[in-house]
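> Sequence and predicted structure are below.
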Amino acid sequence: MTAIKHALQRDIFTPNDERLLSIVNVCKAGKKKKNCFLCATVTTERPVQVKVVKVKKSDKGDFYKRQIAWALRDLAVVDAKDAIKENPEFDLHFEKIYKWVASSTAEKNAFISCIWKLNQRYLRKKIDFVNVSSQLLEELPKVAEESVPSGENQSVAGGDEEAVDEYQELNAREEQDIEIMMEGCEYAISNAEAFAEKLSRELQVLDGANIQSIMASEKQVNILMQLLDEALKEVDQIELKLSSYEEMLQSVKEQMDQISESNHLIHLSNTNIVKLLSEIEFLVNHMDLAKGHIKALQEGDLASSKGIEACTNAADALLQCMNVALRPGHDMLLAVKQQQQCFSDLREHFARRLANHLNNVFVQQGHDQSSTLAQHSIELTLPNHHPFHRDLLRYAKLMEWLKSTDYAKYEGLTKNYMDYLSRLYEREIKDFFEVAKIKMTGTTKESKKFATLPRKESAVKQETESLHGSSGKLTGSTSSLNKLSVQSSGSRRSQSSSLLDMGNMSASDLDVADRTKFDKIFEQVLSELEPLCLAEQDFISKFFKLQQHQSMPGTMTEAEDLDGGTPRQHNSGVPLPVSSEKDMIRQMMTKIFRCIEPELNNLIALGDKIDSFNSLYMLVKMSHHVWTAQNVDPASFLSTTLGNVLVTVKRNFDKCISNQIRQMEEVKISKKSKVGILPFVAEFEEFAGLAESIFKNAERRGDLDKAYTKLIRGVFVNVEKVANESQKTPRDVVMMENFHHIFATLSRLKISCLEAEKKEAKQKYTDHLQSYVIYSLGQPLEKLNHFFEGVEARVAQGIREEEVSYQLAFNKQELRKVIKEYPGKEVKKGLDNLYKKVDKHLCEEENLLQVVWHSMQDEFIRQYKHFEGLIARCYPGSGVTMEFTIQDILDYCSSIAQSH
């Protein structure tokens, strides 16, 4: 390394007036090892410039070349990677980061130490040293002390460093002074020694002048000391005067302290008086109830609008007085305790008056509303509760007050309201459904009389109790209604003797008018119930102040509500928990309208008994009303109840579909008569036509599509089953006629979900038509057919077609002999018999005779052309032809069809 350093100094740096101070052998990190040297140099000329130079050995010869140089002032950071462990890697941060790996850790440390010293001397600690040991920055590295040739080591390393330590640059003012001094001496530059002697002499003269000046100033110093002594005496006199003044001020201070303490006590007393007055004003302003309010709470008229308004204002004022936020210590005052007790007594007294009055209003409403039941029971309408709701809503604010002040009484009012109103609504709704059932089954004088009789009469009461004893069965009065309807419609529906038998009737036996009437009645029932429930729910929300979605206690469990039982008694003021006021509204509605769901189920069961197809009407209407209710509030009582009833309607609809499929499976056909169009095929056509008219633009189209799929599969399977069991009518005829009818029905109705079944029906119809034609036509030219089968067999064995006529059994004479057996007259006779046979097989409803006959004509002509082709190929030039032509066949078929 010493030789390399000497060579670099000699060849590269000396010509450039530079001195090499430190060197390190490095290569770039992460790349192939191409060694180079990093050199720290300083210039020999002033001002000194410090550089880091990268030197690389030439590839062509044993000499070095200068590759790149960086000024040391451009170096920002030196990163030694690790201050503890030995690591040859280090980074130099110039305009970008250069990563190096030294040949040894010692060389790296020596180079970094040199850079640090140069930084200290020339750059005033500008460079940051990262991950460098503190010892390294204090000691000179040993590598730098390696011997260069003795004379050069002194000059390059040691001598220069000492010169650098002694040298100090002149500032601008010093340079200017030297220049002025040198300009004043002519030989300052030409004779430096003489100039130096001159400066030395002038310096000695100046030093002598300074000493004389110091000696001359001693007298002035003595005068100054005397003046200082006199000043000290004056200071002592001033201090004595200040002490006397301080004693005077101390007595004044004591007097002022006494005055200040008196003022503080006076201010404290005034402050306490003001605070006491403020507290008294606060209690008087917030806990004083006007006499008018007290009188309204004790004696106010709760029946008139003016009295209700006065009581409402008084109750609000009382609530404000009771809820005032007392300050600490107020509750210990006797007057405050007495006033609070007075407020509590007033609140208890008014809450009791309000609860008794509202209970009387609820009872009166039940009596008033029951008097109008008779006139409403004649028509299919429900009584309007709007006037009652309007009157009660005047008490809504008082109910809110009662809810916040005395929850036990509020809860009692809620129970009483539900009890009274549930009985009232039960009477109204049951009468309403009685009228609906009568209108569905047919109106008679007896039924009208029954509908208008007071429900208190014992006979009707017993019927009513038996009717509503079970929510799932029709008993009691419903049975009598069935008898009444049979009497009124017996002449029109002679096939049934009772409504209980109507479920077994064919849908084609019922009038469309009856179904339309049922649809209108059912829609009117739902249209009457829906606004009734919505109005009551809206009233409950406003009157009982339950519109806020907060956690509120309930009044009964959900199981008790659904069973319609009496709620269990519990301590007032400790209500049962309910998740929200919305749940409480739903529970109150369930209690009040507990009879709606069973009554609807009874009505649905009656409609299903009258005609199973009524389930289609009910499914559409009920789905629409459920959809409407769920759009308003999915969790409301109306939505939940109608949803439960919709499940029942859907079950009835599914049951109707299952019954139709079961009837298909149980169908029996006559062994002696033609099958024709099967009953369940005609019923499917009627069902599909009716369903399409009912479900047009309906919300639950998916249910109908599923039913279609089940029914059409059942129709397909059972048509094939009946066809296989048919003895009188050929299987192909049964399949062909019925699948043609199914295809025609599906094409006419254009049911999108049955497109695949429509194509399947058409394919089955086509296949069985072709099969029947081939089966019925058979081999009309039997001997000729056997002859040509033999010809085809010889050709299949390898005999050429033109050589078949040389076979003894198939020569031209044999061919002529066979052809003569089938003159045109015989062919026409055979075709006539075939037409009669087909006419016996086919039914008149589908009108397929001409279609089948045309297919047979085409098949016969196809066979004829086949025989003609064989004659032309196997007997060329023989002149042998059939005794009738294709035109003869067409004429025969046409004349036969016209004659029949």
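Cool, the structure landed. Residues are numbered from 1 along each chain as shown.
> can you map out the strands along this protein?
18-28, 36-43, 50-57, 64-71, 77-79, 89-93, 97-102, 128-130, 553-554, 576-577 (DSSP state E).
> Adding mean pLDDT and mean neighbour count, write those out as a markdown table.
Every residue, glycine included, has its C-beta placed from N, CA and C. A markdown table is the format used below for the strands of the chain (pLDDT from 0 to 100; neighbours: other C-beta atoms under 10 Å):
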| stretch | mean pLDDT | mean neighbour count |
| --- | --- | --- |
| strand 18-28 | 90 | 21 |
| strand 36-43 | 92 | 21 |
| strand 50-57 | 90 | 18 |
| strand 64-71 | 88 | 13 |
| strand 77-79 | 91 | 17 |
| strand 89-93 | 91 | 19 |
| strand 97-102 | 90 | 17 |
| strand 128-130 | 89 | 15 |
| strand 553-554 | 38 | 18 |
| strand 576-577 | 42 | 13 |
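> got the contact list for Lys728?
Listed by C-beta atoms under 8 Å, 6 or more residues apart in numbering, the contact set of Lys728 reads Ser670, Lys671, Lys672, Ser673, Lys674, Val675.
> so what's the fifth one up against?
Right, Lys674. Lys728, Thr729, Lys840, His841, Leu842, Cys843.
> List buried residues within the contacts of Lys728.
Lys674, Val675 (16 or more other C-beta atoms under 10 Å).
> Would you format the contacts of Lys728 as JSON lines with pLDDT and distance to Arg73 included?
Shown next, in JSON lines, are the contacts of Lys728 (pLDDT from 0 to 100; distance: C-beta to C-beta, whole Å):
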{"residue": "Ser670", "pLDDT": "75", "distance to Arg73": "121"}
{"residue": "Lys671", "pLDDT": "72", "distance to Arg73": "122"}
{"residue": "Lys672", "pLDDT": "70", "distance to Arg73": "125"}
{"residue": "Ser673", "pLDDT": "72", "distance to Arg73": "122"}
{"residue": "Lys674", "pLDDT": "78", "distance to Arg73": "119"}
{"residue": "Val675", "pLDDT": "81", "distance to Arg73": "115"}
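> where are the low-confidence patches of this protein?
Counting by pLDDT under 70, the chain contains low-confidence ranges at 31-32, 61, 125, 138-170, 188, 366-378, 443-511, 547-579, 778-780, 900.
> which helix is the longest one in it?
helix 218-286 (DSSP state H).
> Find out how far stretch 311-319 is from the centre of the chain, if you would.
47 Å (C-alpha atoms, centre = their mean, to the nearest Å).
> follow-up on the earlier one: from the contacts of Lys674, keep the buried residues only.
Buried among those by 16+ other C-beta under 10 Å: Thr729, His841, Leu842, Cys843.
> Can you lay out those residues as JSON lines showing distance to Pro823?
Converted to JSON lines, the buried ones among the contacts of Lys674 look like this (distance: C-beta to C-beta, whole Å):
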{"residue": "Thr729", "distance to Pro823": "34"}
{"residue": "His841", "distance to Pro823": "28"}
{"residue": "Leu842", "distance to Pro823": "29"}
{"residue": "Cys843", "distance to Pro823": "35"}
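> Tell me which of the strands of the chain sits nearest to Ile438.
Evaluated with C-beta to C-beta, the strands of the chain place strand 553-554 nearest to Ile438, the distance being 38.8 Å.
> could you check the distance from the closest residue to Thr745 other than its chain neighbours over to His264?
Residue nearest to Thr745 in three dimensions, not counting chain neighbours: Glu685, with 4.5 Å by C-beta to C-beta, 6 or more residues apart in numbering. Going from Glu685 to His264 by C-beta to C-beta, to the nearest Å gives 111 Å.
> now Ala172
Remark: distance between Ala172 and His264 (C-beta to C-beta) = 69 Å.
> Can you pick out the residue with more neighbours from those two?
His264 (10 against 7; other C-beta atoms under 10 Å).
> Provide a list of residues in contact with the more buried one.
By C-beta under 8 Å, 6+ apart, His264 has no neighbours at all.
> burial measure for the nearest residue to Lys591 once chain neighbours are set aside, as a count.
Spatial nearest neighbour of Lys591, chain neighbours left out: Met418 (4.6 Å); criterion: C-beta to C-beta, 6+ apart. Met418 has 23 neighbours, counted by other C-beta under 10 Å.
> For Phe544, see how far away Met418 is.
Counting by C-beta to C-beta, the gap from Met418 to Phe544 is 10 Å.
> and for these two, which residues touch both?
Common neighbours of Met418 and Phe544, using C-beta under 8 Å, 6+ apart, are Met588.
> My guess is Ser771 contacts Asp732. True?
Yes: counting by C-beta atoms under 8 Å, Ser771 does reach Asp732; the two are 4.8 Å apart.
> Which one's more surrounded, the two?
Asp732 (20 against 16).
> contacting residues around the more buried one?
So Asp732 contacts Ala723, His768, Leu769, Ser771, Tyr772, Tyr775 (C-beta under 8 Å, 6+ apart).
> what about 7 Å?
His768, Ser771, Tyr772, Tyr775 (C-beta atoms under 7 Å, 6 or more residues apart in numbering).
> Check Asp82 too.
Asp82 makes contacts with Asn131, as judged by C-beta under 7 Å, 6+ apart.
> how much space between it and Ser133?
Applying C-beta to C-beta to Asp82 and Ser133 gives a distance of 9 Å.
> Phi first, then psi, for the most centrally placed residue in the chain.
Centroid-nearest residue in the chain: Pro634, 16.9 Å away (criterion: C-alpha atoms, centre = their mean). Taking degrees, to the nearest 10, you get phi -60, psi -30 for the backbone angles of Pro634.
> what about it, distance to Thr628?
Distance from Pro634 to Thr628, by C-beta to C-beta: 12 Å.
> same thing with Arg10?
Taking C-beta to C-beta, one finds Arg10 at 107 Å from Thr628.
> same deal with Ala408?
Between Ala408 and Thr628 the distance is 39 Å, computed by C-beta to C-beta.
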